[in-house]
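Undergrad: With the input below, show me the fold.
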Amino acid sequence: MMNRQSLVAAIPHALVATDLPGLGVKIEGKVRDIYVQGDRRILVTTDRVSAFDKVVAAIPFKGQVLNQLSAWWFDEIDDVVGNHVISIPDPNVTVAHEAQTLPVEVIVRGYITGVTSTSLWTLYEAGVELPYGLDLPPGLSKNDPLPEPVITPTTKASGGEHDERLTSEQVVSLDLVEAGLWSHVQRVALDVFARGQEAAADAGLILVDTKYEFGLVEGQLVLIDEVHTPDSSRYWLAANHKKGDPQNYDKEHLRLWLKARGYSGDGAPPEIPDEFVATVAERYIDAYERLTGESFVPGELPADKRIGEALR
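TA: Next up, the predicted model:
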């Protein structure tokens, strides 16, 4: 694990933007830049981090952690579902197949928690009947495990607007995903989540919930984007977990800090002290090291993970 001093020193050098001339059209997302090159996509993870659908900070080495942890996970679950990766030629870069992206984000939740307006806990506490179409048992408290993992589909957020809540029935009735394919997506998502829960438990973590994005490559269902990272998933430290007071090992740690200071996405976020930025970086890196069993070394790729063609 990198020490706190080195993480604080790295903050001014966090990767916040990329410029790779000659690689085609650049699409700037919230946390990564995408270059369109024929039937390939050059995905460059930055150190930008979003909360409440706004970029709020730059966490040093976050992009490398996300890129390399996703690569590790893609290998771990390749027997469950394929993915869009062609190669990982750089710690921040994934070369991926162009995919027909499904217009639904698949959120799988093992616990009832969250602080945003669309979180399952917020809706349940407010008395919303059948949130996401789910018939949840009465008497749940925040951060309780659910009887079994549930899927809460949403549309993808755009233009600063939050994701739109959907039920599984709406996914089909609104012609977002064909019924047979949607059934397949749900089965795969639950299988991958179960694999993630097992690996997290072995690492001393709890996989609380996660977001999956799926696409089609030559008609085959594949996972795209990132998977089971501290940006796409919520992790709690198992040893410190107690109901109502989990220790987050993901971007919720930052989101809760912002929430406590009255920020929920309107206007500019408050300035985040370097020491706190460093604690977020520590937890991202620790999650990576716990899950993979490998030491995180900035600028280096694990020798055995999907490192194929050179970027060209």
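
Undergrad: ok, now how distant is Thr101 from Ala51?
TA: Remark: distance between Thr101 and Ala51 (CB to CB, to the nearest Å) = 23 Å. Every residue, glycine included, has its C-beta placed from N, CA and C.

Undergrad: Would you mind telling me which of these two has more residues around it?
TA: With neighbours defined as other CB atoms under 10 Å, Thr101 and Ala51 compare such that Ala51 has more, 23 against 14.

Undergrad: so what's that one closest to, chain neighbours aside?
TA: In space, and not counting its chain neighbours, Ala51 is closest to Arg255: 4.3 Å by CB to CB, 6 or more residues apart in numbering.

Undergrad: what does whichever strand or helix holds that neighbour contact?
TA: Element membership for Arg255 (DSSP states H and E) is helix 252-260. Residues outside helix 252-260 that contact it (CB atoms under 8 Å, 6 or more residues apart in numbering): 49, 51-52, 56-57, 59, 115-116, 234, 248, 264, 269-270, 272, 276, 279-280, 283.

Undergrad: mind running it again at 7 Å?
TA: With contacts defined as CB atoms under 7 Å, 6 or more residues apart in numbering, helix 252-260 is touched by 49, 51, 56-57, 115, 234, 248, 269-270, 276, 280, 283.

Undergrad: Compute the inter-axis angle for the helix or strand that comes right after that helix and helix 252-260.
TA: Scanning forward in sequence from helix 252-260, with DSSP H and E defining helices and strands, the next element found is helix 274-292. Following axes from the mean of the first three to the mean of the last three CA atoms, to 10 degrees, one obtains 150 degrees for the angle between helix 274-292 and helix 252-260.

Undergrad: Now do helix 274-292: which elements does it pack against?
TA: Judged by 3 or more CB pairs under 7 Å, 6 or more residues apart in numbering; DSSP states H and E, helix 274-292 is in contact with helix 4-10, helix 62-76, helix 252-260.

Undergrad: Please point out which parts of it sit buried.
TA: For helix 274-292, a neighbour-count test (16 or more other CB atoms under 10 Å) marks 277-292 as buried.

Undergrad: one step back: of the helices and strands packed on helix 274-292, give the one that comes closest to Trp182.
TA: Closest of those to Trp182 is helix 62-76, at 22.4 Å (criterion: CB to CB).

Undergrad: buried ones in that closest one?
TA: For helix 62-76, the neighbour count (16+ other CB under 10 Å) marks 62-74, 76 as buried.

Undergrad: which residue ranges form the strands in the protein?
TA: 25-28, 32-37, 40-45, 48-51, 54-58, 82-83, 85-90, 93-97, 100-101, 105-112, 144-154, 205-217, 220-224, 233-237 (DSSP state E).

Undergrad: Relative to Leu140, how far out is Leu20?
TA: In terms of CB to CB, Leu20 sits 47 Å off from Leu140.

Undergrad: Who's the closest spatial neighbour of Ala194, skipping the chain neighbours?
TA: Using CB to CB, 6+ apart, the closest residue to Ala194 is Pro149 (7.5 Å).

Undergrad: quick one, what contacts that neighbour?
TA: Per CB under 7 Å, 6+ apart, neighbours of Pro149: 108-110, 190, 193.

Undergrad: circling back to that earlier point, out of the helices and strands packed on helix 274-292, which comes closest to Glu28?
TA: helix 62-76 (13.8 Å).
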